[in-house]
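1. sequence and predicted model, in that order:
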There are 2 protein chains.
Amino acid sequence: MLKLPDGYRAAGVHCGIKKSGKRDLALFVSDHPAAAAGVFTTNKVSAAPVKLCRSRIGRHHARAIVANSGNANACTGERGLRDARRMAAVTAAALGIEEDEVLVCSTGHIGRYLPMDRVEAGIKSAAASLSAVAGAAAAEAILTTDTRIKERSLTIEVGGHAVRITGVAKGSGMIAPHMATMLAFILTDAAVDADTLQAGLTDVVARTFNRITVDGDRSTNDSVLLLANGAAGNPELNGENADWDVFHRALEDVCMHLALEIVRDGEGATRLVTIRVRGAAHAADAERAARAVAESFLVKTSWSGRFVNWGRIMDALGYSGADMDEESVDISYDGVPAVRGGVAAAGEEDRLAQVVAGDEYTIEIDLHRGEGEAVIYSCNCTEEYVRINM
Amino acid sequence: MLKLPDGYRAAGVHCGIKKSGKRDLALFVSDHPAAAAGVFTTNKVSAAPVKLCRSRIGRHHARAIVANSGNANACTGERGLRDARRMAAVTAAALGIEEDEVLVCSTGHIGRYLPMDRVEAGIKSAAASLSAVAGAAAAEAILTTDTRIKERSLTIEVGGHAVRITGVAKGSGMIAPHMATMLAFILTDAAVDADTLQAGLTDVVARTFNRITVDGDRSTNDSVLLLANGAAGNPELNGENADWDVFHRALEDVCMHLALEIVRDGEGATRLVTIRVRGAAHAADAERAARAVAESFLVKTSWSGRFVNWGRIMDALGYSGADMDEESVDISYDGVPAVRGGVAAAGEEDRLAQVVAGDEYTIEIDLHRGEGEAVIYSCNCTEEYVRINM
């Protein structure tokens, strides 16, 4: 069971956006004002709720997150912004809090207006059913083509107080045959200074959620929200505290777990493949090389087969833009050499075939040009991916 | 029937690289030394025959092109280079010409060594069966996962002489489950100054072959070769000639036809979709925007369905890097408006559904930022694409 940190309640209901009858409206509420941090999509086209959250995260504290699935409320212009604000206002009225203490998220199809009558009724029904044990229902209500909920909870000690961090996320996919979105909500009862919380989240997201790829398409709705309500009673954490590192590491653990769960549950995916590039001229080149490999559909489809197809990886490295000489490239799969000096490392075919038959493995690429390193977590592409998105 | 220009003969045989028993070795021979031009992959990882051709095109004339399918001779190191040179030497010996008058191409799986005994026997057999009417057999022998040969012939008048231009191409895909390559060979009996020929080819390729995408993966083997043997007897063309424009336009017609045939025959593809971007801040931004749309697998899979999913196009534009405001974007399908000012253009659902049910249509995107324009030809992504590449 998904146990929320102290001082939080949640609800997940079906309000009628999804035709399937599945839950499509989630509410997370903190009993006390919580320090709030957020990281959002870098796409120049962004959803109405993303625009709203961006402006509200600046206020530094929040009391509630309301999120719907089945409709992204993106590319909906002024009307979409009014609808997002209305979601916040209805939530605030139902909870007896201020409208600008409510953060709003949406995920699903782009370009359609929200059925606001259903959404408003859903918010009222969710507010009436809030409970400390309904975290799983709320986590379910943010899913679209995901096949399962994604959750991670940790308890750590901060200044002699037990502090809990609970994160939930969605990402895979689509609703009906539609647009991918990643959402993650992380709740903690720790007391944390708001500026420190935002800096910590920005840093952690760069090393977790921003290292994953399912199809290389950055969504219009991607949002990670973090609330810290102080219910644990610990002395307020800031960057100077020794305990900040403990909290920061735990936050990274939660985010990394959720990020990898998103890749494992990528649309149609059956394999999690980690791409580690080292020996690049610098970090930016390592990133270019790793992303080119991780996002090539020829590479990703080959991971669905039974044979090592390292030629496609060499090809992707060659067009990645990273400084490289093909004669210097080494590639190995879970430590088994496949390429040495740009040509086949003979004699390991059987061991390589064994590695790529597994559900999860790591491809290590050494460009032998410098000290640059990067890692990206990707997944295979199957026929199911196409069926889902047609 | 594929009729070659005057002074050319061809052959296409099965030498045993492809297990299917299909033709896998092609030979094109000019009876006279021909001015030669070539354009090659920009991938930093390039096949042995590409390296060889790059050095030989500098010589400005050639007599023969020998090409195998089923094996890319890429990522094969020194041995691969020796094999490519050997293909040229065996061809030269069989034809009684100089080794450096022979251009070499390969396409197929990356990272395997060529079975040189079979290749050498195949070259000898091809040389023995050269004929002016065997162009179709040669065009067939360069195919891999292509479902049909790609050919275009034109006759134009140059300085009172009938001049013929014949082009053949392959590109789609893969051999067995393997690496995409595009090859095109264009033969003409025109007399053309070699420097003019190279400049003309470079210009035409930029506006034809470089505007297409099937999966966004630039191959290690992409090559376009053009031979002009002068058998038509026209006064030699150079940039100063009035007739150069006629030739240049005909060359562009041949290349554009072959390029579009490659997209139509893209792996698993059933639809040709043209992306036209206008109103970008400048041409480079228009190109970024068009490529982001044309290469997004979420967009390409949506083209396999029955509904207009313009939200994915807005999303791709947003992460393309092009300067844009979502509120200024207009999108139409074959002239039917889908998006006006970044939101749905209501009331056209039926006409839009009709357009996207067709085999070929054009998506026009106006960013309303400036004068930049670009066009990219793409295709849909189906489950068959994944099956072919697993």
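-> Noted; the coordinates are in hand. Keep in mind that what you see is a predicted model, and the values were worked out from it rather than measured. Residues are numbered from 1 along each chain as shown, chains lettered A, B, ... in the order given.
2. model confidence for whichever residue of the stretch 101-250 of chain A sits closest to chain B, exactly?
-> Going by CB to the nearest CB, chain B is nearest to A:Ile110 of the stretch 101-250 of chain A, at 2.6 Å. C-beta: built from backbone N, CA, C; applies to glycine. As predicted, A:Ile110 sits at a pLDDT of 84.
3. that one and A:Ala74 touch, don't they?
-> Yes: with contact defined as CB atoms under 8 Å, A:Ile110 reaches A:Ala74; the gap is 4.5 Å.
4. please list all residues in contact with the residue of the stretch 101-250 of chain A closest to chain B.
-> A:47, A:72, A:74-75, A:178-179, A:220, B:311-312, B:314-315 (CB atoms under 8 Å, 6 or more residues apart in numbering or on different chains).
5. which ones among these map onto helices?
-> B:311-312, B:314-315 (DSSP state H).
6. using CSV, lay out these together with distance to A:Asp83.
-> Converted to CSV, these look like this (distance: CB to CB, whole Å):
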residue, distance to A:Asp83
B:Gly311, 16
B:Arg312, 21
B:Met314, 18
B:Asp315, 19
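7. re earlier: any residues in contact with both of A:Ile110 and A:Ala74?
-> A:47, A:179, A:220, B:311, B:314-315.
8. which strand is the longest one in chain A?
-> The longest strand of chain A (DSSP state E) is strand A:25-40.
9. skipping adjacent residues, who's closest to the residue in the stretch 251-390 of chain A that chain B sits nearest to in space?
-> Residue of the stretch 251-390 of chain A nearest chain B, by CB to the nearest CB: A:Gly311 (2.6 Å). The shortest distance from A:Gly311 to any non-neighbouring residue, by CB to CB, 6 or more residues apart in numbering or on different chains, is to B:Ile110 (2.6 Å).
10. farthest pair within the ones in helices among the contacts of A:Ile110?
-> Using CB to CB, the two most remote members of these are B:Arg312 and B:Met314, lying 7.3 Å apart.
11. output the below-cut-off pLDDT ranges for the stretch 101-250 of chain A.
-> A:173-181, A:218 (pLDDT under 70).
12. check the stretch 251-390 of chain A too.
-> Judged by pLDDT under 70, no stretch of the stretch 251-390 of chain A qualifies at all.
13. so where do the helices sit in it?
-> A:283-295, A:297-302, A:310-319, A:349-356, A:383-389 (DSSP state H, counting those that start in this stretch).
14. who wins for proximity to A:Val102 among the ones you listed?
-> helix A:383-389 (32.1 Å).
15. give me the contact list for stretch A:353-367.
-> A:270-281, A:285-286, A:289-290, A:293, A:303, A:306-308, A:313, A:317, A:322-324, A:328-336.
16. run through those residues and flag the ones next to chain B.
-> When contact is defined as CB under 8 Å from any CB of the partner chain, those meet chain B at A:307, A:317, A:324.
17. and the second one, how many residues sit next to it?
-> In other words, A:Leu317. 27 (other CB atoms under 10 Å in any protein chain shown).
18. and for A:Ser219?
-> 27.
19. with distance to A:Cys105 added, can I get the shared contacts of A:Ile110 and A:Ala74 in a markdown table?
-> As requested, the shared contacts of A:Ile110 and A:Ala74 are exported to a markdown table (distance: CB to CB, whole Å):
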| residue | distance to A:Cys105 |
| --- | --- |
| A:Ala47 | 8 |
| A:Met179 | 14 |
| A:Thr220 | 12 |
| B:Gly311 | 17 |
| B:Met314 | 19 |
| B:Asp315 | 17 |
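20. so how do I select the buried members of those in PyMOL?
-> Burial among the shared contacts of A:Ile110 and A:Ala74 is assessed by 16 or more other CB atoms under 10 Å in any protein chain shown; the matching PyMOL selection reads:
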select buried, (chain A and resi 47+179+220) or (chain B and resi 311+314+315)
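21. return the member of the shared contacts of A:Ile110 and A:Ala74 nearest to A:Gly342.
-> Of all the shared contacts of A:Ile110 and A:Ala74, A:Gly342 sits closest to B:Asp315, with 36.6 Å by CB to CB.
22. residues in contact with the closest one?
-> A:43, A:45, A:74, A:110, A:179, A:217-220, B:296, B:298.
23. which pair of the residues you listed spans the longest distance?
-> Taking CB to CB as the measure, the contacts of B:Asp315 have their most distant pair in A:Ala74 and B:Ser296, spaced 15.6 Å apart.
24. which of those two has more neighbours?
-> Ranked by neighbour count (other CB under 10 Å), A:Ala74 and B:Ser296 place A:Ala74 first, with 34 against 24.
25. ok, for the more buried one, nearest residue in space, not its chain neighbours?
-> Going by CB to CB, 6+ apart, A:Ala74 has A:Ala47 as its nearest residue, at 3.7 Å.
26. pretty sure that neighbour sits against A:Ala72.
-> Yes: counting by CB under 8 Å, A:Ala47 touches A:Ala72, with 5.5 Å between them.
27. what do the two both touch?
-> A:106, A:110, A:220-221.
28. how near is the residue lying closest to A:Lys3 once chain neighbours are set aside to A:Phe247?
-> Excluding its sequence neighbours, the residue lying closest to A:Lys3 (CB to CB, 6+ apart) is A:Ser153, at 6.3 Å. From A:Ser153 across to A:Phe247, the span is 14 Å (CB to CB, to the nearest Å).
29. so between those two, which is more surrounded?
-> For the pair A:Ser153 and A:Phe247, the greater number of neighbours falls to A:Phe247 (24 against 18), based on other CB under 10 Å.
30. what sits against the more buried one?
-> Contacts of A:Phe247 (CB under 8 Å, 6+ apart): A:156, A:158, A:163, A:165, A:190, A:192, A:200, A:237.
31. go again using 6 Å as the cut-off
-> Remark: with contacts taken as CB atoms under 6 Å, 6 or more residues apart in numbering or on different chains, A:Phe247 is in contact with A:158, A:237.
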